[in-house]
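Visitor: kindly return the folded structure for what I paste below:
(chains A and B)
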Protein chains: 2
Amino acid sequence: MKLHTPLCDLLGTRLPIIQAPMAGGTTTPALVAAAAKAGALGSFGFAYAQPEAMQRDVEAVRALTDAPINLNFFVNAQPAPIPPESQRGAIEAITGYYQALGLPAPAPVRTPYAPDLNAQLAMAEDIKPAVLTFHLNDLPADRLKRLRARGIKTGGSATCVAEALHLEALGVDFIIAQGGEAGGHRGTFQRNPYEAMTGTLALTRLIVRAVNIPVVAAGGIMDGAGIAAVLALGAQGAQLGTAFIPCTESGSPPIHKQSLLAARDDTTVITEKFTGKPARGLVNRYIREMNASDAPQLDFPAQGVLSGPLRAASAKSNQGAGNPDFLAMWAGQAAPLSREMSAAQLVITLEHETLEALERLAALRR
Amino acid sequence: MKLHTPLCDLLGTRLPIIQAPMAGGTTTPALVAAAAKAGALGSFGFAYAQPEAMQRDVEAVRALTDAPINLNFFVNAQPAPIPPESQRGAIEAITGYYQALGLPAPAPVRTPYAPDLNAQLAMAEDIKPAVLTFHLNDLPADRLKRLRARGIKTGGSATCVAEALHLEALGVDFIIAQGGEAGGHRGTFQRNPYEAMTGTLALTRLIVRAVNIPVVAAGGIMDGAGIAAVLALGAQGAQLGTAFIPCTESGSPPIHKQSLLAARDDTTVITEKFTGKPARGLVNRYIREMNASDAPQLDFPAQGVLSGPLRAASAKSNQGAGNPDFLAMWAGQAAPLSREMSAAQLVITLEHETLEALERLAALRR
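Guide: Next up, the predicted model:
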């Protein structure tokens, strides 16, 4: 028995499963290659990657497999200089944490504090991955046309029906319906993100009913039962992020992996305090205290530059064992279903579980 | 082909579908009887009903069908007197709306402002419905034992794993996993309700994996694809509320029905301003303005008594056509999938759609 949807033909993958792009070191070449070789769409979260790093990472994958892969980018305004004096409040709000971790006092964020999206996309056109997806906003129609003219399939994230219809009109090949359960950054770009937290079950069905292109569901999917569920909703595929974080090959800090594996209930919350944009992660001291304070923050992604040393130091503290207090432990709401295995094992397990779930469902008709 | 899960045997229904209890006039005897006759579990939302009204409504159903029905109650502290002077701020906050609708100035809320739960449950024991479910808190283990000793199957709402485990330990027959998508009141009783908004897809799977009794999923389910999805997650049934509101037999105001049928995206938000407890409904002027204000409110359910005349007047304004501005238009996040049909038609449609979805899923294995 094989699991197949038309999305597999579109993406060139064996399975209708996308290992979600996760920026910030999680999606190592080893993870992407393992997921891709096992039949999923391996994806790089290149939001914060410079073109040379992109090239190096993709070459590392291509040395291991010629399976299709996906490059993902954050679409955001060109980072403008931020006057140091206007950063004072945001810096003061986290200076105590810097001290607690034994770090030198934080300095104002200076340009360039984020890679240039046009340079990233130019490199992506050279790399010519099978798939390119984007997050946080739309891409111009002419850019999508150029990518598609190079044979690259494109997908964009929508958190409401209006965004999905907008992306379809721009000319993407597929929509990623990012449900409220999803870990990491909310992709909302046309609404107040706090009013666009529609759960994966509702959102997937709403978008499937609204558009005429394939829909991939994301958010809270951790096993084959979850994949079968979104296929039931009419999605042609499932994108899983959190499930891949504890994988052997993932570059997430061990304390992040351990915290996911230890979760027993949904303890995720939304915070803007790590990067300047709302994102879902396991609650910890930093999120609890910063969400409760009315301290100012820098805009995305500058706030992420400010919190970066804290996150790095937190991951390495305790003689390398790590400390969850200041780490951005992005996680979806089904985090307690996390499992420790290799990415290849996970993909094969997901495949078998999905087939089992479909078989179990067939038996409900009698 | 028939759709069947073990929950059908437990509840005595033909289908694993529950027409959700909805308090405040929506679940008329005609609606409950029609849903029950068609094979779903018809449910009365008796939260605000006095025992005599319960008896009258159930007799009206029993004159039409002997199919199993469900009585649902809100579990809340015995309503205590509220000193009029401490109500001043809450009254001032809505006095302008009273004036705008031509109502006399609001008066302080006096006891008894809610039915006595013990009297309701005593009447329920007399009525002896097939099923009794409860919301907003737990019921004591001895009460559950008594209900079950009378042959009544019991179910409680959980919004997180901890609540589900707690209810299972108390001795309920099944758990209703109330996902974040759900319309109406959040059932959270062990956590901050704003941190227990786990989406239906994630929550259902988490609870199914955690407990050993049947799970019914609720929240964002509007059609057979949604039902098939939660069955894929391991739920044994689906509870649908919003889907039944536009039904011919539902007692919801026509403007509420029309607003659901007109929805094109998820425009629901959570508000405490109608009743004192967080509940999800279609955003309107009252919610927008009251959520944005820092005006005080009375505790649940007294705030509902205060807002009652506003809601009633809003439903009847415009020469009876109604005005959505001050109405509590409870709705789940998949409200745009609302359809206008009779309850019997809806149940049969849901059955056929679910079977179709299961068939479509079977074809993905090849």
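
Visitor: hey, let's count contacts and neighbours off CA atoms from now on
Guide: OK.

Visitor: find the closest residue to chain B in chain A.
Guide: Closest contact between chain A and chain B, by CA to the nearest CA, is at A:Ala229 (4.0 Å).

Visitor: isn't that residue up against B:Leu233?
Guide: Yes. Using CA atoms under 8 Å, A:Ala229 makes contact with B:Leu233 at a distance of 6.1 Å.

Visitor: overlap in contacts, the two.
Guide: B:Leu201 (CA atoms under 8 Å, 6 or more residues apart in numbering or on different chains).

Visitor: now the strands for the stretch 251-366 of chain A?
Guide: Secondary structure of the stretch 251-366 of chain A by DSSP state E, counting those that start in this stretch: the strands cover A:268-271, A:279-282.

Visitor: returning to that earlier point: helix, strand, or coil at the residue of chain A closest to chain B?
Guide: When classified by DSSP: H, G, I helix; E, B strand; the rest coil, A:Ala229 comes out as helix.

Visitor: again, but for A:Gly155
Guide: strand.

Visitor: what sits opposite it in the beta ladder?
Guide: Using DSSP bridges, the bridge partners assigned to A:Gly155 are A:Thr133, A:Phe174.

Visitor: isn't it up against A:His135?
Guide: No. Counting by CA under 8 Å, A:Gly155 sits too far from A:His135 to count as a contact (9.0 Å).

Visitor: hey, where'd the helices end up in the stretch 251-366 of chain A?
Guide: Secondary structure of the stretch 251-366 of chain A (DSSP state H, counting those that start in this stretch): helices at A:254-262, A:285-292, A:302-316, A:343-362.

Visitor: got the angle between the second one and helix A:302-316?
Guide: Meaning helix A:285-292. Interaxial angle, helix A:285-292 versus helix A:302-316 (axes from the mean of the first three to the mean of the last three CA atoms, to 10 degrees): 150 degrees.

Visitor: same check on the longest one?
Guide: Interaxial angle of helix A:343-362 relative to helix A:302-316 (the same axes, to 10 degrees): 100 degrees.

Visitor: contacts for helix A:343-362?
Guide: With contacts defined as CA under 8 Å, 6+ apart, helix A:343-362 is touched by A:1-3, A:15, A:31, A:34-35, A:37-40, A:223-228, A:244, A:247-249, B:228, B:231-232, B:358-359, B:361-362, B:365.

Visitor: mind giving me the ChimeraX command for buried ones among these?
Guide: Buried residues among the contacts of helix A:343-362 (16 or more other CA atoms under 10 Å in any protein chain shown), as a ChimeraX selection:
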select /A:3,15,31,34,35,37,38,39,40,223,224,225,226,227,228,244,247,248,249 /B:228,231,232,358,359,361,362
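
Visitor: can I see the domain layout of chain A?
Guide: For chain A, the structural domains run A:1-79+A:114-249+A:342-366, A:80-112+A:252-338, going by automatic domain parsing.

Visitor: need these in CSV (columns: mean pLDDT).
Guide: Output for those, formatted as CSV (pLDDT from 0 to 100):
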stretch, mean pLDDT
domain A:1-79+A:114-249+A:342-366, 97
domain A:80-112+A:252-338, 97
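
Visitor: out of those, which one sits most buried?
Guide: domain A:1-79+A:114-249+A:342-366 (a mean of 22; mean count of other CA atoms under 10 Å in any protein chain shown).

Visitor: end to end, how far does it reach?
Guide: End-to-end span of domain A:1-79+A:114-249+A:342-366 (CA to CA, to the nearest Å): 21 Å.

Visitor: kindly report the same for stretch A:57-73.
Guide: Span of stretch A:57-73 from end to end, CA to CA: 15 Å.

Visitor: quick one, what contacts A:Leu15?
Guide: A:Leu15 makes contacts with A:Leu3, A:His4, A:Thr5, A:Cys8, A:Gly39, A:Ala40, A:Leu41, A:Glu351, as judged by CA under 8 Å, 6+ apart.

Visitor: spell out the secondary structure type for the fifth one.
Guide: If I follow you right, that is A:Gly39. Put simply, A:Gly39 is coil when judged by three-state DSSP.

Visitor: please give me every residue in contact with it.
Guide: Contacts of A:Gly39 (CA under 8 Å, 6+ apart): A:Thr13, A:Arg14, A:Leu15, A:Ile17, A:Val347.

Visitor: nearest residue to A:His135 in space, please, no chain neighbours.
Guide: Closest residue to A:His135 apart from its sequence neighbours, by CA to CA, 6 or more residues apart in numbering or on different chains: A:Phe74 at 4.9 Å.

Visitor: so that neighbour touches A:Leu139, yeah?
Guide: No. The criterion here is CA under 8 Å, and A:Phe74 misses it with A:Leu139 at 9.9 Å.

Visitor: shared neighbours of these two, anything?
Guide: Counting by CA under 8 Å, 6+ apart, A:Phe74 and A:Leu139 have no common neighbour.

Visitor: export stretch A:33-49 as PDB, just CAs?
Guide: What follows is stretch A:33-49 as a C-alpha-only set of coordinates in PDB (Å, rounded to 0.1, in the frame of the first residue of the first chain):
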ATOM      1  CA  ALA A  33      18.700  15.200   3.200                       C
ATOM      2  CA  ALA A  34      17.300  12.500   5.500                       C
ATOM      3  CA  ALA A  35      13.700  13.700   5.200                       C
ATOM      4  CA  ALA A  36      14.000  14.000   1.400                       C
ATOM      5  CA  LYS A  37      15.700  10.600   1.000                       C
ATOM      6  CA  ALA A  38      12.900   9.000   3.000                       C
ATOM      7  CA  GLY A  39      10.200  10.400   0.700                       C
ATOM      8  CA  ALA A  40       9.100  13.700   2.300                       C
ATOM      9  CA  LEU A  41       9.900  17.200   0.900                       C
ATOM     10  CA  GLY A  42      13.000  18.300   2.900                       C
ATOM     11  CA  SER A  43      12.900  22.000   3.500                       C
ATOM     12  CA  PHE A  44      15.500  24.600   4.500                       C
ATOM     13  CA  GLY A  45      14.400  27.500   6.700                       C
ATOM     14  CA  PHE A  46      16.600  30.100   5.000                       C
ATOM     15  CA  ALA A  47      15.000  33.100   6.600                       C
ATOM     16  CA  TYR A  48      18.200  34.300   8.200                       C
ATOM     17  CA  ALA A  49      20.700  32.700   5.800                       C
END
